[in-house]
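K.L.:
structure here, sequence nowhere to be found:
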């Protein structure tokens, strides 16, 4: 069985404000857009931002809650990049949960919530190598 | 800016039952384990299952909720594999949200909640190619 994930789908309330956070904040470009979903090609999988009501219908489960018990992480190349990106994400409609600082296990990180309250950790972690395609390998 | 994600971290209540779902259900093997976290090397990023209280502490935000407004997807190679995996995940402590059927946009999919109520879509999608390392490319 492949240790494999194809898609992360985030439920969102409206496309425009979510799109602004990902396009202006992170600087990402969609692979596909419709009136209810935006897909971004990531490092080996696809990120989807889909109207929450449509996701609930597909999942056959109403009442999805925020903030959910999860975090996504985006790693940057230097310690100084962490706060710079956190500030840019906040300017694009995000909300800072934790400014960048150094955790006990090393590196440097902070957290920003996207406009739908999904948490992104912005981290600099020199122990985890990232290749040119953005693929990350676990490192101790 | 790389369209890049390094880690998905799921908040969990206890390690043993989560570990059983991912190891016996999906058949995955950890890259690292401690008393509060398990890391799995995925296709270009790392999946972490971390005690929710520890995640809340790191995020500086208490009160994370389930079910969160998101879904993760694992794609399989044939339509018949969808329900077989859904059933195996249910036998390993998951809960079926939707048995496999055919959505309007093509392919075949169902949903299972992990023991912490995080939703996994199990899908067969012939339009999205997956390479030998499990890397997925968006396809229309």
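P.N.:
Received, thanks. All values derive from a computational prediction rather than experimental measurement. Residues are numbered from 1 along each chain as shown, chains lettered A, B, ... in the order given.
K.L.:
strands of chain A, residue ranges please.
P.N.:
A:7-12, A:32-33, A:37-41, A:46-51, A:70-75, A:95-101, A:108-113, A:119-124 (DSSP state E).
K.L.:
can I get those strands in a markdown table with mean pLDDT?
P.N.:
A markdown table is the format used below for these (pLDDT from 0 to 100):
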| stretch | mean pLDDT |
| --- | --- |
| strand A:7-12 | 98 |
| strand A:32-33 | 97 |
| strand A:37-41 | 98 |
| strand A:46-51 | 98 |
| strand A:70-75 | 97 |
| strand A:95-101 | 98 |
| strand A:108-113 | 98 |
| strand A:119-124 | 98 |
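K.L.:
tabulate the ones you listed in a markdown table, adding columns for distance to residue B:97 and mean neighbour count.
P.N.:
For the C-beta atoms, the positions are set from N, CA and C on the backbone; glycine is no exception. Compiled in a markdown table, the strands of chain A are given as follows (distance: least, CB to CB, whole Å; neighbours: other CB atoms under 10 Å in any protein chain shown):
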| stretch | distance to residue B:97 | mean neighbour count |
| --- | --- | --- |
| strand A:7-12 | 14 | 24 |
| strand A:32-33 | 25 | 14 |
| strand A:37-41 | 20 | 19 |
| strand A:46-51 | 16 | 22 |
| strand A:70-75 | 17 | 24 |
| strand A:95-101 | 29 | 16 |
| strand A:108-113 | 26 | 22 |
| strand A:119-124 | 23 | 24 |
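K.L.:
can you redo these as CSV with distance to residue B:81?
P.N.:
CSV is the format used below for those (distance: least, CB to CB, whole Å):
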stretch, distance to residue B:81
strand A:7-12, 17
strand A:32-33, 25
strand A:37-41, 23
strand A:46-51, 19
strand A:70-75, 26
strand A:95-101, 38
strand A:108-113, 36
strand A:119-124, 32
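K.L.:
give the contact list for residue A:18.
P.N.:
A:10, A:12, A:38, A:49, A:114-116 (CB atoms under 8 Å, 6 or more residues apart in numbering or on different chains).
K.L.:
so what's the residue in chain A that chain B sits nearest to bridging to?
P.N.:
Nearest to chain B, among the residues of chain A, is residue A:68, at 1.8 Å (CB to the nearest CB). Per DSSP bridges, the residues bridged to residue A:68 are residue B:65.
K.L.:
what about it, how many neighbours?
P.N.:
For residue A:68, the count of nearby residues is 25 (other CB atoms under 10 Å in any protein chain shown).
K.L.:
that one contacts residue B:69, doesn't it?
P.N.:
Yes - contact criterion CB atoms under 8 Å: residue A:68 and residue B:69 qualify, at 5.8 Å.
K.L.:
and for these two, which residues touch both?
P.N.:
residue A:118.
K.L.:
what is the top helix by length along chain A packed up against?
P.N.:
Determined from DSSP state H, the single longest helix within chain A is helix A:79-91. Judged by 3 or more CB pairs under 8 Å, 6 or more residues apart in numbering or on different chains; DSSP states H and E, helix A:79-91 is in contact with strand A:95-101, strand A:108-113, strand A:119-124.
K.L.:
ok, and does the first one reach over to chain B?
P.N.:
Which is strand A:95-101. Yes - with CB under 8 Å from any CB of the partner chain as the measure, strand A:95-101 is seen reaching chain B through A:97-98.
K.L.:
so what are the sheet partners of that strand and their directions?
P.N.:
Going by DSSP bridges, the partners of strand A:95-101 are strand A:108-113 (antiparallel).
K.L.:
name the surrounding residues that touch the partner strand.
P.N.:
In contact with strand A:108-113 (CB under 8 Å, 6+ apart) are residues A:67, A:71, A:73, A:79, A:82-83, A:86, A:89-90, A:94-103, A:119-125, B:58-61.
K.L.:
about what we covered before: so for the longest helix of chain A, what gets flagged as buried?
P.N.:
Neighbour-count burial for helix A:79-91 flags A:81-83, A:85-90 (criterion: 16 or more other CB atoms under 10 Å in any protein chain shown).
K.L.:
hey, what's the closest residue to residue A:81 other than its chain neighbours bridged with?
P.N.:
Leaving out its chain neighbours, the residue that sits closest to residue A:81 by CB to CB, 6 or more residues apart in numbering or on different chains is residue A:124, at 6.5 Å. Bridge pairing for residue A:124 (DSSP bridges) gives the partners residue A:108.
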